[in-house]
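Chemist: What follows is a predicted structure for the sequence shown.
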Amino acid sequence: MEIYISNSGTKPIYAQITDQIQAAIISGTLQEGDALPSIRLLAKELRISVITTKRAYEDLEKAGFINTVPGKGCFVAKQNTALHKEETRKKVHQLLQQAVDTARTAGITPQEILAELEALLKGD
């Protein structure tokens, strides 16, 4: 599993780790029961604090993405795909709302917004 962190971004490192592991689980790259690197090993590989990786794993566990087995490690939990899809839909809605608000401020018409969205969906 490859995790890339950026020290120059505004997003905290623990959140970058959390987001990348969540994305790997949702996409199916990581499957139920797969073991994650230990907190110490991940911290060593990324050259960051153990506290940072611990925070990322705690957030993943609270969100239901992983389970921690004392003495054995952290594993990908059984996923509720319907819940993840709904959460993703909400994020998409928020991003689209921001785009619509920005477009309205700039005087872009609804037809132009729809045309741009259709072009994006087609991959143009």
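Modeler: Nice, thanks for sending it over. Residues are numbered from 1 along each chain as shown.
Chemist: tell me which element residue 68 is part of?
Modeler: strand 66-69 (DSSP states H and E).
Chemist: How is the protein divided into domains?
Modeler: Here the domain parsing of the chain from automatic domain parsing is 13-76, 81-122.
Chemist: tell me the phi and psi of the residue located most distally from the centre of the chain?
Modeler: In the chain, the residue that sits farthest from the middle, by CA atoms, centre = their mean, is residue 107; the gap is 32.3 Å. Dihedral pair for residue 107: phi 80, psi 20, per degrees, to the nearest 10.
Chemist: That one and residue 113, how far apart?
Modeler: According to CB to CB, to the nearest Å, residue 107 stands 11 Å off from residue 113. For the C-beta atoms, the positions are set from N, CA and C on the backbone; glycine is no exception.
Chemist: Helices along this protein, start to end?
Modeler: In the chain, the helices defined using DSSP state H lie at 13-27, 39-46, 50-62, 81-105, 110-122.
Chemist: List the buried residues in the shortest one.
Modeler: Within helix 39-46, the residues that qualify as buried by neighbour count (16 or more other CB atoms under 10 Å) are 39, 42, 43, 46.
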